[in-house]
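Visitor: Pasted the sequence and its predicted model underneath.
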Amino acid sequence: MDVRTSFGFRRAVSAGAALAVGLSLVGAAQSAEPQKARNVILFVGDGMGVSTVTAARIYQGQLRGVDGASNRLTFERFPNLALVKTYSADSLVTDSANGASAMMTGVRTINGALGVDATVNRQSCASAIAGRVDTLAELVKQRGMSTGAVSTAAITDATPAALYAHTSARSWQGDFAMPKEAAAEGCVDIARQLVDAPEAMRLDVALGGGATFFTPAKRLDGRDLTREWARRPNAAFVDTAEGLSKLPKGTRHLLGLFAGESMARESSRPVQAPRLTDMTKAAISLLSQNPKGYFLMVEGGLIDKAHHAGLVRDALNETVEFDAAIDQALAMTDRADTLILVTADHSHGLTINGGHRDSPILGLVTDAQGKPRLAGDGKAYGILNYQTGPGGPKAGESRVDPMTVNTLEPGYRAPAGIQMNSAAHTGEDVAAYAQGPGAERLGGLIDQTDIFEVMREALGIPAPKRAAKP
């Protein structure tokens, strides 16, 4: 047999078959309708950069007694993945406000602002009113769907507030935190924006911390916004895990505030406070009563806050709890009608600096004999370190020798290269993971504002008429 003839024949047959398959796929693509989601759940791991995901993957596996390096977090099994560019209208490195606002509106703003475009001026009430843009939660409500926000931070903090607040200053969580000039110009605090929103726009479920901003102990107007919320038909307010698990029959609108400001980290959570997983379960249970569907945002807010404090074990522990909440959502939803998207608003400067395959991720880098490796200053060094943060040496001091402390304790502050009272965010891309209807829209390198577009298109919501994105 002539090898060249045989090869040419096979190649011709293959080409013909490929053409037939290609024509078949084209026909199918032309006749198929884009997938639509009835529900969308956005999980935001605040400060959950790629290095945090990697370290948490290893940490979770080691907690379970399996190989950490080959372990996978729940959301790492999702079929669709993208890298997301993070920056703000005025900075290379975003804060949580602009990051969350970009995902909620499709419009980038300045750091510290929420629900407004890039024309806003910091601390300016008038520019916030002029630069207002609708959020995905507000667009969803206009279609008769339900909406909710869950966070381990205050429900008035940047990420959850991005669903409903429009302000030039994320710090205006209560009226006592606002300048008098802003109040005189007609701006109201973030807590009031949640409770006083028109029925057609108001969130149906809001669970997290932040009671300080809703109750009269500090509010200048003397209002008890929790009571005002609960006076509405089919509405309830709760402040304990038990109350969350025993809601009055017929509850459709729920406000739950379980701490004065941010909730306690999982490693020190009081028994009367619910887990992030508990709040996620309650939110889905309530929102899923609406046959038209819902949009829910769940934030692991304490990942970021632990990173800022250099508490690396707590940051990883919060990421593991965040992953458990995602697992809870998967158990309660149908992949056929619910898009679940997991991402971060920004990254943190956590680094992974070696370690044997079976080394505790919170431990020290060792040599082949298991002895700690020494850095140039003659001291051992940990597997996990920060670029910036409170663990860095102060002026005139040398760094702490990790051999002299217990790196496995929850209160251990990991070393940092540059001493700062609070670790800084970093500007590298974060990852996004998705499954369900519309997940196929996620892929490649995207902009943070594209997260809004993926969710909007999955729900079949028309693009809002507004000025071009900055």
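Guide: Good, I have the coordinates. Numbers count the residues shown, from 1 in each chain.

Visitor: Please enumerate the helices of this protein.
Guide: 3-31, 50-63, 96-105, 125-130, 136-141, 158-161, 180-184, 190-195, 225-230, 241-245, 276-287, 301-308, 312-332, 449-459 (DSSP state H).

Visitor: and the third one, what does it pack onto?
Guide: The criterion is 3 or more CB pairs under 8 Å, 6 or more residues apart in numbering; DSSP states H and E, and the helices and strands that helix 96-105 contacts are strand 39-45, helix 136-141, helix 158-161, helix 449-459. For the C-beta atoms, the positions are set from N, CA and C on the backbone; glycine is no exception.

Visitor: just the shortest one next, same as before
Guide: For helix 158-161, the helices and strands in contact under the criterion 3+ CB pairs under 8 Å, 6+ apart are helix 96-105, strand 146-154, helix 190-195, strand 294-300.

Visitor: Check which helices and strands the shortest one sits against.
Guide: Put plainly, it is helix 190-195. helix 158-161, helix 225-230.

Visitor: hang on, the earlier thing: for the helices and strands packed on helix 96-105, give me TSV that also has mean pLDDT and mean neighbour count.
Guide: Listed next are the helices and strands packed on helix 96-105 as TSV, based on pLDDT from 0 to 100; neighbours: other CB atoms under 10 Å:
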stretch	mean pLDDT	mean neighbour count
strand 39-45	98	27
helix 136-141	98	24
helix 158-161	98	32
helix 449-459	98	22
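
Visitor: so which of the ones you listed comes closest to residue 57?
Guide: strand 39-45 (12.6 Å; CB to CB).

Visitor: Report the strands that pair with that closest one, each with its relative direction.
Guide: Note on strand 39-45: by DSSP bridges, its sheet partners are strand 294-300 (parallel), strand 338-343 (parallel).

Visitor: Among the helices and strands packed on helix 158-161, which comes closest to residue 71?
Guide: Judging these by CB to CB, what sits closest to residue 71 is strand 294-300, at 18.3 Å.

Visitor: now the angle from that closest one to strand 146-154?
Guide: With axes from the mean of the first three to the mean of the last three CA atoms, to 10 degrees defining the directions, strand 294-300 sits at 10 degrees from strand 146-154.

Visitor: now strand 294-300: mean pLDDT?
Guide: Averaged over strand 294-300, pLDDT sits at 98.

Visitor: same check, this time on stretch 103-117
Guide: Rounded mean pLDDT across stretch 103-117 is 98.

Visitor: Identify each buried residue in it, please.
Guide: Using 16 or more other CB atoms under 10 Å as the test for burial, stretch 103-117 gives 103-117.

Visitor: gap between the two ends of that stretch?
Guide: Across stretch 103-117, the terminal residues are separated by 13 Å (CA to CA, to the nearest Å).

Visitor: 230 is where my numbering starts, stick with that
Guide: Done: numbering now begins at 230, and the last item shifts to stretch 332-346.

Visitor: deepest of the helices and strands packed on helix 387-390, which one?
Guide: helix 325-334 (a mean of 30; mean count of other CB atoms under 10 Å).

Visitor: Next, the angle from it to strand 523-529.
Guide: Going by the same axes, to 10 degrees, helix 325-334 makes 160 degrees with strand 523-529.

Visitor: Tell me the gap between helix 325-334 and the middle of its chain.
Guide: Relative to the centre of its chain, helix 325-334 is centred 10 Å away, using CA atoms, centre = their mean, to the nearest Å.

Visitor: Contacts made by it with the rest, please.
Guide: 271, 273, 275-276, 315, 317-318, 323, 336-345, 362-366, 386-388, 390-392, 399, 526, 533, 572, 574-575, 676-678, 680-681 (CB atoms under 8 Å, 6 or more residues apart in numbering).

Visitor: what stretches of the stretch 530-679 of the chain score poorly on pLDDT?
Guide: For the stretch 530-679 of the chain, no stretch has pLDDT under 70.

Visitor: what's the answer for the stretch 230-379 of the chain, then?
Guide: Looking along the stretch 230-379 of the chain with the criterion set at pLDDT under 70, you get 230-263.

Visitor: and with 90 instead?
Guide: Within the stretch 230-379 of the chain, the ranges that satisfy pLDDT under 90 run 230-264, 352.

Visitor: can you redo the strands paired with strand 268-274 as TSV with distance to residue 607?
Guide: Converted to TSV, those look like this (distance: least, CB to CB, whole Å):
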stretch	distance to residue 607
strand 523-529	38
strand 567-572	41
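
Visitor: Out of those, the one nearest residue 354 is which?
Guide: strand 523-529 (25.8 Å).

Visitor: how far off helix 678-688 does the closest one point, in degrees?
Guide: Using the same axes, to 10 degrees: strand 523-529 against helix 678-688 is 150 degrees.

Visitor: between the helices of the chain, which gets nearest to residue 642?
Guide: helix 541-561 (8.0 Å).

Visitor: Check which helices and strands the closest one is in contact with.
Guide: Against helix 541-561 (3+ CB pairs under 8 Å, 6+ apart) you get strand 268-274, helix 279-292, helix 505-516, strand 523-529, helix 530-537, strand 567-572.

Visitor: now the ones you listed in JSON lines, with distance to residue 474?
Guide: Output for the helices and strands packed on helix 541-561, formatted as JSON lines (distance: least, CB to CB, whole Å):
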{"stretch": "strand 268-274", "distance to residue 474": "21"}
{"stretch": "helix 279-292", "distance to residue 474": "26"}
{"stretch": "helix 505-516", "distance to residue 474": "7"}
{"stretch": "strand 523-529", "distance to residue 474": "18"}
{"stretch": "helix 530-537", "distance to residue 474": "21"}
{"stretch": "strand 567-572", "distance to residue 474": "23"}
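
Visitor: Of those, which is nearest residue 497?
Guide: Of all the helices and strands packed on helix 541-561, it is helix 530-537 that lies closest to residue 497, at 10.6 Å by CB to CB.

Visitor: what's the closest one packed up against?
Guide: With 3+ CB pairs under 8 Å, 6+ apart as the test, helix 530-537 has strand 375-383, helix 541-561, strand 576-577, strand 613-618 packed against it.

Visitor: out of the ones you listed, deepest packed?
Guide: strand 375-383 (a mean of 28).

Visitor: partners of that one in the sheet?
Guide: Strand 375-383 is paired, per DSSP bridges, with strand 434-438 (parallel), strand 523-529 (parallel).

Visitor: and the angle from it to helix 541-561?
Guide: Using the same axes, to 10 degrees, strand 375-383 lies at 160 degrees relative to helix 541-561.

Visitor: Please verify my assumption that residue 658 contacts residue 311.
Guide: No - counting by CB atoms under 8 Å, residue 658 does not reach residue 311; the two are 9.2 Å apart.

Visitor: still on that earlier bit, what's the farthest-apart pair in the buried residues of stretch 332-346?
Guide: Farthest apart among the buried residues of stretch 332-346 - using CB to CB - are 335 and 341, which lie 18.8 Å from each other.

Visitor: give me every residue that touches the residue nearest to residue 429 when sequence neighbours are not counted.
Guide: Spatial nearest neighbour of residue 429, excluding adjacent residues (CB to CB, 6 or more residues apart in numbering): residue 370 at 6.0 Å. The contact partners of residue 370, taken as CB under 8 Å, 6+ apart, are 376, 429-431.

Visitor: Having no further points to raise, I will conclude here.
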